[in-house]
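> Could you work out the structure for the sequence below:
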Amino acid sequence: MKRYGTSILAGCAGLLLMSAPAYAQRQSQSDSSLSDTTSVIDQKQAPESFSRLAKRLMPAVVNITTSQTVAPEGLPEFPDGSPLERFNEFFGRDPDGFRREGSLGSGFLISADGTVITNNHVIENADEINVVFNSGRTLQAELVGTDPETDVAVLKVTSDDPLPHVDFADSDGAEVGDWVMAIGNPFGFGGSVSAGIISARNRDIQSGRYDDFIQTDAAINRGNSGGPLFNLNGEVIGVNTAIISPTGGSVGLGFSIPSNLVSSVSAQIIEYGHPRRGWFGVNVQGIDQGIADAYGVNEAKGVIITSIDRDGPAAKADFEVGDLVLSFDGKAVENVRGLSRVVAETDIGKTVDVDIVRDRKRRTVSFTVGELESNTQEDEREPLPENALAQNPIGAELKEIDDDARRRYGIARDVDGVLVNSVAANGPSFGKLRKGDVITEMAFGKISGLEDAYEALAPESISDGESLLVRVWRGGQTMFFTLETER
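Predicted structure coming up:
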């Protein structure tokens, strides 16, 4: 999640959507709840002051301190009895040669019985976690569970008295321009308040496959990680997790995990000890307008199935490689990231309809959503084609696949098609096809050898300048490209 030089996790002073219902999306109000959901406040109208809101919410926001024992490399350790032995303590080592490291972050309580939300990266690998309240009271925390994919962690503290807590807001209702307030522990300065607006929604900062951040210009710095971003009702609209900064300090680009996602993730962790996500069992790639045109759809929205896990849920249904997925369980699929989120949040075991385009015809396929295991990865990387050099209507030299080619490029025996031997520098295939690719389909027609390819590229089959959709096998992956033909 950390992007050195540009993106910084806000947690160390010095990041799947769930299938079950959200944890207390609206928790029952109690005497210790500090959120005000009894009145509707205009989120776009700035209050005269944030002081009353800050004073009310401060008791539910906590500082997180952690420590862990490490054996650092590169620091000197002097042997027992050496005249320099006393300097081991100077270098932070205990008598056994280890030293303690600590970190600082923020968090907040969501229940009167001591459930605390923070970031995974704040408490990761910690031996001891302490929660420090605004009053100065310190309680040792137990780790309930974490989700590194979304950077959410759940802690539990025990108290004889009900603890002040806050509620989650419905982050789907938040809009760009709404006022927000952050409370946290930047650089160890606990109880720090900053205010701003929601600058953008649905941000992807390339930290993981479920990126869907709320962007804010409220000042967020190192140590704010895990802390709440409040709306004017005092409800948590997001959990601060990262900043984009060339300097390491706030430049008005802070990012928060939406509360609906945090609520859902924490519900899973509390109930099962770990998150549970829906599983489709396919690999996909995004599309461009050329591919959209080839499939007969107007907009470049949707994803193409490039492979199907033989043991996955999709393998039990009528899906095929090359299907263009337009919607999943009634929700439109715009891109790879969008499909990842909607699949992950779908109830495990639910039978859903998936709208697809196959051979330029729309159809619906139903299947039962499985559970994504922690060691199961759905490949969501969009391919980044490279370059090469050659000639013909698509600007690529094609060859039959012989045994030498299969050995050289690792082409399996069950892969049929024509081999791309070179690509012309100024041709239509430049930047898309590359040497060693196997073209297995052209314009939805199967290519078994050169004769099929010549027929598909003949003047009577395709006109000059017409877009040609090709299906390509590359290193065990299936990809799709549209090529502008030329003669």
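> pLDDT below threshold where in the stretch 101-250 of the chain?
101-102, 206, 208, 246-248 (pLDDT under 70).
> how about the strands of it, start to end?
Along the stretch 101-250 of the chain, counting by DSSP state E, counting those that start in this stretch, strands occupy 115-118, 128-132, 138-140, 142-147, 152-156, 179-184, 192-203, 213-216, 228-230, 236-244.
> Over to the stretch 251-400 of the chain?
So, for the stretch 251-400 of the chain - with DSSP E, counting those that start in this stretch - the strands run 254-258, 277-279, 282-286, 303-308, 324-328, 331-332, 351-358, 361-368, 370-372, 396-399.
> With respect to burial, which of these scores highest?
Per residue and on average, the most neighbours among the strands of the stretch 251-400 of the chain fall to strand 254-258, with a mean of 27 (mean count of other Cβ atoms under 10 Å). Yep, even glycine has a C-beta here, placed from its N, CA and C like the rest.
> What strands line up against it, and which way round?
strand 213-216 (antiparallel), strand 236-244 (antiparallel) (DSSP bridges).
> Now the longest helix along the chain: buried residues?
When the chain is parsed with DSSP state H, its longest helix is helix 259-272. Within helix 259-272, the residues scored as buried using 16 or more other Cβ atoms under 10 Å are 259, 260, 261, 262, 263, 264, 265, 266, 267, 268, 269, 270.
> average pLDDT across that helix?
The average pLDDT for helix 259-272 rounds to 92.
> Report the angle between it and strand 152-156.
Computed with axes from the mean of the first three to the mean of the last three Cα atoms, to 10 degrees, the direction of helix 259-272 lies at 50 degrees from that of strand 152-156.
> Kindly calculate the angle that helix 259-272 makes with strand 142-147.
Going by the same axes, to 10 degrees, helix 259-272 is angled at 120 degrees with respect to strand 142-147.
> Go ahead and measure how far helix 259-272 is from the middle of the chain.
Centroid separation for helix 259-272 versus its chain: 16 Å, with Cα atoms, centre = their mean, to the nearest Å.
> Make 44 the first number, not 1, from now on.
Let's use 44 as the start, then, which means that last one is helix 302-315.
> name the helices or strands packed onto it?
strand 158-161, strand 185-190, strand 195-199, strand 279-287 (3 or more Cβ pairs under 8 Å, 6 or more residues apart in numbering; DSSP states H and E).
> buried residues in the second one?
Neighbour counts using 16+ other Cβ under 10 Å place 187, 188, 189, 190 of strand 185-190 among the buried residues.
> Quick check: the last one touching residue 319?
To tie it back to what came earlier, the one meant is residue 190. No - judged on Cβ atoms under 8 Å, residue 190 makes no contact with residue 319 at a distance of 10.1 Å.
> what do the two both touch?
In terms of Cβ atoms under 8 Å, 6 or more residues apart in numbering, residue 190 and residue 319 are both contacted by the residues residue 311.
> Name the residues that touch stretch 522-530?
328, 330-331, 333-334, 336-337, 347, 349, 365, 426, 428, 436-438, 470-472, 475-476, 500, 502, 505-515.
> now the residues you listed: which count as buried?
For these, buried by 16+ other Cβ under 10 Å: 328, 330, 333-334, 337, 347, 349, 365, 426, 428, 436-438, 470-472, 475-476, 500, 505, 510-515.
> before we move on, back to that, any chance of the strands of the stretch 144-293 of the chain in TSV, plus distance to residue 406?
Listed next are the strands of the stretch 144-293 of the chain as TSV, based on distance: least, Cβ to Cβ, whole Å:
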stretch	distance to residue 406
strand 158-161	43
strand 171-175	52
strand 181-183	57
strand 185-190	35
strand 195-199	37
strand 222-227	44
strand 235-246	29
strand 256-259	35
strand 271-273	43
strand 279-287	39
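> Pick the most buried one from those strands.
Buried most deeply of the strands of the stretch 144-293 of the chain, by mean count of other Cβ under 10 Å, is strand 271-273, with a mean of 31.
> helices or strands up against that strand?
helix 94-100, strand 222-227, strand 279-287.
> Include distance to residue 166 when you put those into JSON lines, please.
Converted to JSON lines, the helices and strands packed on strand 271-273 look like this (distance: least, Cβ to Cβ, whole Å):
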{"stretch": "helix 94-100", "distance to residue 166": "22"}
{"stretch": "strand 222-227", "distance to residue 166": "15"}
{"stretch": "strand 279-287", "distance to residue 166": "13"}
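> Among those, which comes closest to residue 167?
Of all these, the one in closest proximity to residue 167, counting by Cβ to Cβ, is strand 279-287 (12.9 Å).
> Could I get the CA-only coordinates of the closest one as PDB?
Written as PDB, here are the backbone C-alpha positions of strand 279-287 (Å, rounded to 0.1, in the frame of the first residue of the first chain):
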ATOM      1  CA  VAL A 279     -17.900   7.900  10.800                       C
ATOM      2  CA  ILE A 280     -18.000   8.400   7.000                       C
ATOM      3  CA  GLY A 281     -14.500   6.900   6.500                       C
ATOM      4  CA  VAL A 282     -11.300   5.600   8.100                       C
ATOM      5  CA  ASN A 283      -8.200   7.600   7.300                       C
ATOM      6  CA  THR A 284      -5.500   5.400   5.800                       C
ATOM      7  CA  ALA A 285      -3.100   7.100   3.400                       C
ATOM      8  CA  ILE A 286      -1.900  10.300   1.900                       C
ATOM      9  CA  ILE A 287      -0.300  11.400  -1.300                       C
END
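> thinking again about what came up before, quick one: the helices and strands packed on helix 302-315 as CSV, columns for distance to residue 171 too.
Below are these laid out as CSV (distance: least, Cβ to Cβ, whole Å):
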stretch, distance to residue 171
strand 158-161, 14
strand 185-190, 10
strand 195-199, 12
strand 279-287, 22
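> and residue 106, which of these is closest to it?
It's strand 158-161; of the helices and strands packed on helix 302-315, that one is closest to residue 106 (Cβ to Cβ) at 10.0 Å.
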